[in-house]
Structure formats: C-alpha cells, structure tokens
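1. below: sequence and its predicted model.
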Amino acid sequence: MKKINILIVMIGIMFSSCDDFLSIVPETALSTATFFKQEADFQQAVNAAYAPQRNIVNDRAWLLSEMRSDNTIYARNILFGATEQQEDLSDHALPEADGITSNVHVLNQYRLDYLIISRTNQILDQIDNVQFDEQSKNNIKGQALFLRAYSYYELVRYFQSVPLHLTPVQTRSEAALPLAPENEIYARIIEDAQQAITLLPNRSQQELGRVTSGSARMLLADVYITQKKWIEAETLLAEIVNSNQYQLIANYADVFSESVSNKNNLESLYEIQFLEGAAGMAGNFLYNFMPRPITPQELQPITGTSNPEPLDGQGNNIPTPDIIAAYEDGDLRKDASIAYVELSQSFRVDKSYPYIKKYAKEHSLHGNHGMNWPVYRYAETLLFLAEALNEQGKTGEAAAYLNQVRTRAGLPNTTASSQGDMREAIFKERRVELAFENKRWFDITRTDRVQEIIGQFGARALANPQEYYYPAGATFRPNAFTNITKYYALPAAESEITPHF
Amino acid sequence: MKKEFYSELMRRLMAITIALLLGSFASYAQTTSIQGVVKAEEDGQPIPGVTVLVKGTQRGTVTNLDGEFSIQASPGETLVISFIGYAMQEVNLQEGQNNLDISLSSSMSDLSEVVVVGYGSQLKREITGSVQSVSGTDLMDIPTPQLTQKLQGRLAGVQINQTTGRPGQGMNVRIRGQVSVSAGSDPLYVVDGFPITGDISVLNPDEIEDITVLKDAASTSLYGSRAANGVVLITTKKGKAGETNVSFNMYTGFQKVPMQGRLEMMDAVEFAQFKKEYFEDAGMPVPAMFQNPSQYEGQTQDWYDALLQTAPISNYNLTITSNTAKSRTSIVAGLFDQNGVVLNTDYKRFSIRLNTDYDISDKVRVGFNVAPSYVFDNTPRTDGERGQGILFNALHTWPNMPIYDEAGELTLFNRFPAETGNIFAYPNWVRSAQEIINETKQTNILTNGFVEYSPIEGLVFKSTLNAEIRSSNYLFFNPSTATRFINRPIPTVAESIRDNIEDFSWLNENLVTYTKSFSDHNFELLGGYTNQHFRRSRTRIQADTYSDDRLPTIQGAININRGGSFSDVQEWALTSLLSRLNYNYQGKYLLTASVRADGSSRFGSENRWGVFPSISAGWVLSDEGFLNTNEQISFTKIRASYGVTGNNNIGNYTQYALINNTINHVFDNEVVPGAAVTSLSNSFLGWETTRQFDIGLDLGLFDDRIQFVYDFYTKNTTNLLYNVQIPQESGFGSFNDNIGEIKFWGHEFSINTRNTTGALKWTTNANISFNRNRVLALAEGIDRVYGRFHITQVGQPFGMFYGLNKLGNYMNEEDLANSPQVPGRSTVGSIKLEDINGDGIITIGGDNDDRTIIGNPFPDFTYGIVNNFQYKKWDMSIVGSGSYGNELIMRHLYSTANLDGVFNMVRRAKDRFRSPENPGDGFFGTTVGGGNVTGIERDWMNSNFVADASFFSIKNVTLGYNAGALTKFIKSARFYASIQNLYVFTNYWGGSNPETSVQPDGQGDGGNLSQGVDLPSYPIPRTITFGVNVNF
C-alpha cells in the first residue's frame, strides 16, 4: 500500500508542470507575441517596408516600364541559347490568356508591391494601440501611408484593377480579396497621400533619404496628372516650388548619385537608397543594363572596379536608336545619359553598343554598387507644373517652367506657343530629361498613346532588326509586337491560388 | 525559467531513482539459486548461448560454453529456455528442484525466438503485429559502413534506396511506401530503447545484435506521434555465453566505379562532328576548331573519369563479451576507413561501445551503455545541379578541353574563343575536387543507464535515463584557385563556411510491467511515463575574399558574409504516457491493446496532446485440434491489427508567426535595422495522423521447412502538414496547416525455405512487396500541389511527374502546319508536344496549360532475394534486390543534351533530327533556330526526360571458408571474399544508379514532392573485399 502511495505522489509531481515543459518559444527569432510593443518596433517595421523598393527598382521596374517603352530594348545575343522572359516584355510578345500571364517579372513586381502593402498595413493596424511620442508616430504613419499609396499607384498603373488590402491578413481565409475597380484604388491612393502630406515633416526636418511631405505632394500631383486633375496638380506642384526646399543642380550629370556621395541632393524629392558593400544593401542594376557578352577588359572602364568579371547572357535595357535620335543637337543631357562600348565578342558587324550612362558611376567591387535610384526629382516637378498649367490653357506660364529645364540642358527656350505644340514639347522634354528613369512608359499610357507610339516603334524595329542590335541574318521572333497592351495581364501564379481571378 | 525547469526535472528524476532503490531493499519473496545444463537432444552436446528467462520477469541469463547456467528463481516460477534453431521449452520449478538437466530438440522453426518489440520483447509465435527481424551476424560480411545499406533486399515492405554513393549518406528508407507532403518520411530509429535524434549512419553496424522493423500500427503505436513512418528497433550486443569471448573481424579491399551504366557522352571526335554539323545546319561558317573532327582521334579528355580513382576500404572490429553470474559486459571497438572513388574522398569512423549490466541483488539490476563514435568525412561536393556538383560539370565539359597543359600541370580553366559557341569558361574540375575542402567531423555519444527493480514475481519497475550528445563541425574552404561553378574565372573569390552544430537530447523513461498467468490465461501489462527533450544550437559563419589561400581562418577573410552567417537554436520537448496489455489464452488466442498519449512542444497551444491507440489479435490455428489434421502444415497463425500513429516531423516552431528582424534598409548611406512579420501563426497546428489496418498470415509447412508470411495493409494519413500556398497579395507566401488525406495500401509476401538439408545446405529468403498510394484530398480549394517537375493531385498517386507529353518531332512542313505549335517557336524538326487542352497551341503553365502526368516514381513492386549455401566448411551468400516499374526524370538532359552545343552532349544526340530526309531516331530535335526553338525541348519538362528505371541489382556475393579451430588460442576462424554491387540489370540509360533521387543542391534526395530526379551523383562503386573473422 505504501508503495502505491509513493507511486501516486510521484506521478502527481510529474504532471504538475507539463505545460511549462512543452511551451518552447523560438529562442533565436522574435514572434508576434513579443513585437509591436514599442516605438523602436514600429521604426524597424517601417524601415522594412522600404526594403522591397530596392528589389523593385534594381530588378523589375525597368523591365516593366522603361524596356516596355521605345526608350530601351532587349539586345539579343544569338549564341546564348536561352530565351528570356525579359525579351517577351521588350518585344511586346507576352504570353497571355484570359487576362493572365505567366511572365515571372510581372509576378515579382506584383508580389513586391504587396509585400510593402502588407508591411505598411501591419504598422497602420497596430501603431495606435501603442503610446509613444506623437511626432514620431505621425512620421512613421506618414511614411507607411506614402509607401502604401506608392505601391498601389504602381499596381494600378500596371494592372488597372487589383485586390485592395488595407488591413493585415491574419488567417488563410483573409488572404485573397476580389479585384477592386480602378477608381476605388485611386480614391484610396489619394486619401493615403493626402494624409501622408499632413503627417510627414518636410525635407529639412526629415532624416535624409526617407520620404517627406514634399515626396508625398509629388506623389499626389503625379496621381492627379494621370487623372488629368490639372488644377489640383498645379496647387500641389506650386507648393513644392514655393517651399524653396528644392532646386535644379547646375550640371545635369551631377543630378544622379554617385556610389557613395551626392545622394539625396537638393534636386531629389525621393530616391531609393542603396549602399555599396557587404551589408546586403547594394544594387547591381548597372550590370543589368550592360550589353552582353562583355569581357572584364571592356567592362572595367565603365565600372572602375578592382575585380571585373565577364558578363554573359543577353543585354537588357539597351538605349534604342529612337531615344538617341530624340535628343536635340547640343543637348548636354545626351552624353550624360548615353555612352558606347565595343563588344569584341559580339556577332554584329558593328560591335559598338550604347548603354545607359547616367547611372554608370565608379565603385569598388564587381556587381556591388551604391547609387541611389531617382523616383521624384525637381526637374520633373517643373515639367509636371508646366503640363498642368498648359492643360489649363496657361501656355505662357508653362513655358517658363519648361525653359528652366531646357536651359540647364544647354538648349534654347522652347519655340512652342500653341497649347498643342506645348503639350508635345513637354512630352518630348520629359522623354529626354527623364530618360531611363522609368517614366516614359507611364507617359505613354496616361496619354493613351500606346498603340500609336509602340505600334510605330515596333514597325521600325521589325523593318530593320540590325539597327536594334541583331547580327546580320538574325531578326526578332515571329511573335514580336503582337501583343501591345496598355495594362499587364495579372500573374498566373497568383491566379492559380486566388478564387477571384 | 528554463533553469528552474531543469533543476525541477532533475529533482524528480532523483526522486524516482531513490524510490526505486529504496524499494529494492524491501524484498520479501524467497528465491534460490537454480543450476542447470542445456544439451542438444540429438547428440547430447552442450549448447552455449541459450537464453534462460524466468517467465514474467526481467531475470534472465544465458548458458556458458559448457551449456551451464545459474539463475535466481523460486519454486512455482517458470523458466523459459530458448535458442535459435531449437524448440522453446518451459520448466515449471518444483520445490527443491535446483539442478536441472534440459535437453532441447532441434526445430526448423524460429518461432521460439524472442523478438524485440517496442518497450519489451515477445515470443515470435505470439506476436500479433507485422514485424520482421534480422540478425546482426547475417549482415557482417556486407562491406558497407551504413546499417541501412546492409539491409537492402532483406525486408518485405521496406524500400531501401541508395540515392548517392557519398560515403555515409544517401540512404532512403521507406516503410510501406510512406510519403508526406512536408513532414519527413524516414522511420524512427530506436537504439536500445532510445529513439535517437541523430543520424543512424554513424552507428557502427558491427555493434548490432539484431534489428526489428515494426511495420503495422499495432507494433508501432507505442511510439505515438513519431511512429507513422514505421520504427526500426536496434539492439546492440550484450554479454553472451562463455566467461569471456574475444572476436576480431576485419575486411579490406578496394572500390572501383564500373564502366557499366555510366552516362555515355560524346568523345572529342563526335563532339567536333556535332559542332560542325550544328554550324552547317544553321548556315553559319564552321569555326576552324571543328572543321576537321578526325584530328581529335584519340585526343578525348574524359573529364568524368579524371575525377575517379580506385580506392581502398577497410574495416576492423574487436568484440569482447563476458558473462559472470552477476554481470554481463560487452565491448565493441571499431575502425572503418574508406577512401572514396571520387578524388579526395576520405571517410573514417572510430567507435567504441561498452554495454554492461549488474545484478545488484536478485531484485535489482542496473545497466550502463556508453557508445562514443567519431566520424571524419571529407567528400567533394559531387552531387546535384550544374554548378552545385562537380560531377555534372565534368560530365558535359567539352571533351577537347585539356585536363593537363603541355607541362603536365593541371590546367586552371579552359575557354575557347566566342565564335566556337563556347560561352562558358570551364574551370579544371580535378582541381575543384582536390583543392576544395568540404569536411565534416562528428563526435557522437550515445549513452543509457537503467535501474530495474522487481519487488514481487511478475512486477518490474524500470527507470532509464538516456542521453545523446552530438557535435558536428563542418568546414568548407574554396581557395581562389578552384571553383565548383561553371563560368567562374580563376582566380576566384576564396570562400569559407564553418557550420558547427551541438545537439543534446535526453530521455527519461519510467516503465512498469506486470506479468501474470493463471490457468491458461497469460497477461502482461505495461505502463509508462516518459519525457524527452532536444536542443540544437548552431553557428554558421560564411566569409570570403582571402588574401592567402593557405589560411582559411575567419580572420584571414576580408569580408564576413552576413547573409550566410547566423546562429540558431532549435528545441523540442515531448511528454508521453503509454500502456499496453498483452493477453493470450493457451498461447493460442492472442490479444494486444495499447495506447500512447503524446504532448509535444511542436503542436499548437490549442492542440497540444495527441492520443494514439491500437489493438491487435492473433489466432494460432495450428494449435486447434480440429485443424491440426494436416501433417504438412506445421504452423498457422492469422492476425489482424488496427491502430493510430502520428508524424510530428513538422518543424519546431511551425505554429508561430515569426518576425524577421534582418530586413534592413539604408538611408543616406546609414544602415538602419528593419523587421517584419514573415509568417502567419496557427495555434491549432498538429501532427499528421495515420490510421492503419493490417491483416496477416504466418504459415509453416513441412516442419517449418517452408515459412511463409503474408500481410495486407491499408492506411490513411490525414492532417498532413502543409505549407499551403496563399495568394501573396496577403504579403505572405504560405500558411502552415494540417490538410488532406492520402490512402496507402499494399501486399507483402516473404518466404524462407530450406531447400536442401544434407551436406549442402541451401536456404532461400525472398520477399516481394506491392505498395500503392492515392491522394484522396488536399486543402479546401486546392486540388493540386506542385513539386519541381511533379504534381500531387487529388485522385492520383503522390508526387507524379508532370510535364508536356512528347509526340515526336515535327517531321516536315506539312506535319508542322497540321499540328498544334508553340507560337513563334516551333519549326520543322523541333519537338512536337501534345495539345492536351485542345486549344490548338502548346502552352506550359497558366490557364491553358498543356501539362499532364508523364511518369510515376513509384515502383509497381520491389523484391529481394537472399540465398545462402553451406557445404562442409564453405559457405556462400548472394543478396539481390530489385524494383519494377519505377521511373526517373533524367533531369540533367536539359544540359547534357543542350542542342545549342553549349556543353558536351550525350552520345545519343548524334541521332538527332537534322532534316526531313535525315530525321534521326526521333529522340532529340533539330539544332536549327537556337534557343528560341531548342529551348522548348530543354526547358519545358516533357516526357522525353522520363525513363523506366526498373532494375535488379546483385548487391552482394560472399564466399567464405570456415577453418575451425586453428590453434589452441584461436577457437574458430573464417575467411571470406565479398563483392558488393556486383551487377545491375537495367535498361535505364540516364545514369549509373537507377535508385537515385537528387536535389538540385546535391544535399538530400528531393523529398516526397519532388522524388525520382536524376542529377549526376556520387557513383556507387563495386567493392571487392577480403575478410576474416576470428574467435579467441
């Protein structure tokens, strides 16, 4: 009997704290149970919300916008066997069915934008539950709202209609939402951007590199211009001009950041930040934009690195003869934007290829540079303002702003005097001033000139493939320029798992 | 809090141990010392090694060399005397009977054998589940370092594939075809009662006494949430008959890669000819290098062969066992040393095991086992995708690229001018093999201690404490002079990786058994309470850019790679209650019922405990008088079982929503810390559940000269752990959930026969298994899950090959015009694919997908056959195993048959399509049109890649000579010669190993969702060894 008692006592002891024994939380990772509790958590969260923008501008945005336009093209290396999905984008030959495409770059752009949206939703959902300094809180909220608005602005311009997530997803069933109509998405972008303007500090009070009230005004003005709300746009743009926080940099080539210096300069309203080195914040878009195959000897003078490596494969984002011809004689921006390199291994007779010069800044190591990517700069503010004024019939006022930009480029004042001529002059000015800054495609789409401009561009290219970097005898694929559309089809990988499209 | 917990735990363990020890002094039953001798009935010779057990207790001993034994027992107790090859005998002790003379009659049957089962042992004839055991001595001659290699071909219902020849790696063991979406499918290995958390490959197989494989749920369910993949119980050598027994076993020999089955690549002449034709067919000028292919006659550089060598292999083992009246001890010391057949492979294992137990009193027994081992492994990164494994790279390096330069030095790298179409630089792979360090040093200590206390007859308390300690140090150093990547110029950036892992796992088990018989009713009751805890801490540091290749230190690197450097802790805990009842009536009607409850730290807080019951029954028909009329039938038993088991290999923290706090960003050149929620939580997450029903028949014919076992099973696995893909508009890629249902069923037959019993003794042991599975459900709204080239789809077997179906090549313009095409890409001579959805065009992926199931990795059946012959002093054994109907994806063809001439090619590409008049053998299409055309054939998974991989492999042939007692000191000696992997009969042409399955990174077999992919992997050598076993 005594033994049985001992046994009972023993078992009793053993069971009393089973739950402690079985509760093991991860020791080397934080979980939601411990996060979003203090100011620093939100600060880190908003930092992480910026991070996907680096991937977007380094790897995707130029594929979906600049190389989709008539400014740059995919330069085929016929010895390289593989067919790349970039070529489908450049050639307007995207496989598409029922509004769905399998193109991986379209998919990744979509996913990266939603990654930012999800991270900002987490912040906006939680931040008011925690007490901390109001000014700091407003700043974080403003940044989150800007980033969310900017991401939706990208999405709505690429896809027209996408799901509208405004609160964080907690369970499996909340993951998929129906496609929201375009106007609903725009309404939300405008609301977010308006709030961001009031919450964010201006440039002089904000940590350099983060978005400011000026960035938010510019975003909202951009949205209004796309929506042809000229009066609202003019107001915002004039506020930026009158804030006296921004100015044109005297020398066009100096507008763009070096690998370590000249970042977030006075012309910059917002640029995406990179850092050269091993911290994992470096870009390599310059390498993405190189014609190929290129030897280390040919590459080194461009990059200035100590360890140049050869680049194989095929060239992306190569300036077209069209953009080269678009510069007026004497335009200082031409040589600052485009340069040439001889590719000894090219199969072309003419082994000289143009490449984008404006980002070609020296850095230390191969494939690792710190140049920032311009999103909004003051020259565009002036051009937007000129456009907003001209569209309201204030053509004379518009000319003044346009001429500020032309003067810096070493060009005489515009000769356009009618509203129509001025419209075309601004359109052309934007093309060369903002070349390779991922603006051209959206200029074409918002003015509804896709079929006209890309159609003609395609005809020229198909008629003369050698001008577009094909070796003698080689030409575009038969399906090139057969699928010219204003919007992208939605990504197939997402379509497979959402019930809504 | 953690600290408190440990001290609390230790306090409790102490309490239990003290309680048991105290209890042991309160003995009251009177026992006396019983002496006895056991002899063989037929010749009166004493039999050593006979097991003598007091029925219903843990008290037992074995006879010495003179057949004598001594044991503590009291009148009324029953002694069970058993030995392999003899009929079991029971002796009911009478008052005053303390000198026994026992004679055992020989029996063909092994039914009297005692088989180790979960948490105990049972007479084979009384087992009601599906178990199979193999004796360690049967495996001794097989010259392989891993236990699982030795088991190939021997077990019904267990498919054992060697997916790669990398020493110490690559064994894929699947019991009853178990698969899972994302939880592991490896069986649970239990060594001397301890479910180990480490790798079974480090165990020296010579330490093993026997192995029992538990297959059905009734046998495994006592292992609860870890039992669904089946359980392998390993018992190590214990003290044996005779005062002291010393034996020495060794073998030594060499390994070589046979020519048979190597992937046939073009030689230099053929390759030059191909390139010549390529340029001609494309209407391009032929580069000078290829204008005269015959200039390369006899000049072929075989890069693959250059990586291979004939390599030595040796194994040494010293075993000492001793057995006194009060203690039993065994020591096994081993050294295994293998240089692999790929250059710079070195694999060594040193191991020692000490097993000992003492009778402190006639009621208390204690035991300790300790088994340290050390494994050194340096093996180049041979396996996997192009760029991951050097074998793939070497296979398709241009055969006219020189391995050695004119001075006889290894070349650094080779690159021909761009106009030859050589777009990649090829480093010298021999340098890669020789100069890159890829070594792992592992120290393992496996140890157990137990106290056993039997206060009254039939009642036994047992408390054990087990620990497993493992330390693994990995060093990878890639000097600047070598690389494993194609197209990386030399010198490259030197890189190092250090990965140090420390594991500690402990298990405390407290068991009580009570055995009671009255009249013809026999009961055995088991109850237990166990706790196990595991902790792994890991530190990985990746560094690059070295100024000096001679110093691969961390401080020698200029750059620490933050992305590749981290520290991590993984931890889990398991608390369990278990109980079992064995009941039989007259040993004729058998019943077992058991239940285990597992609480696991891995399960969500809302779903912490799982209960795993089972029941089984057997009926020994041949003991029924009314059936025992047929003289030929010596034994018949039918049995049935049903049970529930779990699979808890779902990750340690899968239930939690984790924050990644390394998503940093930068503002104006200053890095700022960033953090984001990167997964969703699921507090309901649980184990995978498998419900299994088994029915079996054991039949013995002609005095058990023929023994036949049949099992049919059917099982359903539900609640599969799956990281369900969710739309990434949510910001998340997936959600961990328990979903779906898979049904498995199968038949297993095994037969043991003694074909001849005269001077030539010939026995055959054969088995064949048919395993099937079908996916019954996945998650709501999901009817398919994709793997690499695979689909898991409702209504189909798991992980089927998925791609486009090749119909042929477009033979001419007319054929092209009249067939569905890939718009803008198909041409005459290019691959013609089936338009599954009938929309007139060929599409891969998306809504108009033309993909379909194009192959099946599962065999129709697997089989094994072992023949043993004995003639006077000679013995011979032949082990074969095979598989029929399984298919493989020859994945490497995308690169080894790249029709753009970028790499060297498989020889078969000579017969490609060249023109409508010269269409070749139809397998490979035209080279004209470049990647836009050829890319379809290569980049779009299609049925061209799939090949039948049925095989029958003669795993081992051993010939031995038993020299008997050689001198006064050598009691017996046996000499033998053995050939491992003698020959593989197969039509598979995609590589040398039809058992293969390789992941792109060459680390692992691809998992269930993506199995059966052939990428070049470490070749499995033919091994020829000579060995000797000596007993002193």
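-> Ah, there it is. Numbers count the residues shown, from 1 in each chain, chains lettered A, B, ... in the order given.
2. got the residues of the stretch 501-650 of chain B near chain A?
-> The stretch 501-650 of chain B has residues B:529, B:531, B:533, B:559-563, B:567-569, B:571-573, B:575, B:599-601, B:605, B:608 near chain A, with proximity defined as CB under 8 Å from any CB of the partner chain. Glycine gets a C-beta too; all of them are placed from N, C-alpha and C.
3. wait, residue B:686 touches residue B:718, no?
-> No: using CB atoms under 8 Å, residue B:686 makes no contact with residue B:718, being 10.4 Å away.
4. which among the residues of the stretch 501-650 of chain B next to chain A end up buried?
-> Among these, those buried by neighbour count (16 or more other CB atoms under 10 Å in any protein chain shown) are B:529, B:531, B:533, B:561, B:571-573, B:575, B:599-601, B:608.
5. checking residue A:67 next. Helix, strand or coil?
-> Counting by DSSP: H, G, I helix; E, B strand; the rest coil, the backbone at residue A:67 sits in helix.
6. ok, the one 3 residues further on next?
-> Reduced to three states with three-state DSSP, the structure at residue A:70 is coil.
7. bridging residues for the closest residue in space to residue B:191 that isn't next to it in sequence?
-> Computed as CB to CB, 6 or more residues apart in numbering or on different chains, the closest residue to residue B:191 that is not its neighbour in sequence is residue B:234, at 4.8 Å. When assigned by DSSP bridges, residue B:234 has beta-bridge partners residue B:191, residue B:211.
8. now do residue B:768
-> residue B:749, residue B:863.
9. how near is it to residue B:127?
-> The gap separating residue B:768 from residue B:127 is 21 Å, by CB to CB, to the nearest Å.
10. what does residue B:742 give?
-> Per CB to CB, residue B:742 is found 28 Å from residue B:127.
11. and after the one helix or strand residue A:390 maps to, which helix or strand comes next?
-> Following DSSP states H and E, one finds residue A:390 within helix A:378-391. Next along the chain after helix A:378-391, taking DSSP H and E as the criterion, comes helix A:395-408.
12. what is the orientation angle of that next one with helix A:378-391?
-> 160 degrees (axes from the mean of the first three to the mean of the last three CA atoms, to 10 degrees).
13. name the helix or strand for residue B:48, please.
-> Here residue B:48 is assigned to no helix or strand, by DSSP H and E.
14. so where do the helices sit in the stretch 601-750 of chain B?
-> Assigned by DSSP state H, counting those that start in this stretch, the helices in the stretch 601-750 of chain B number zero.
15. repeat for chain B
-> Assigned by DSSP state H, the helices in chain B fall at B:2-25, B:136-139, B:147-150, B:217-220, B:268-281, B:303-306, B:390-395, B:429-435, B:813-817, B:893-896, B:931-939.
16. return the most buried member of those helices.
-> helix B:217-220 (a mean of 32; mean count of other CB atoms under 10 Å in any protein chain shown).
17. same for that helix, what does it pack against?
-> strand B:609-620, strand B:633-647, strand B:688-701 (3 or more CB pairs under 8 Å, 6 or more residues apart in numbering or on different chains; DSSP states H and E).
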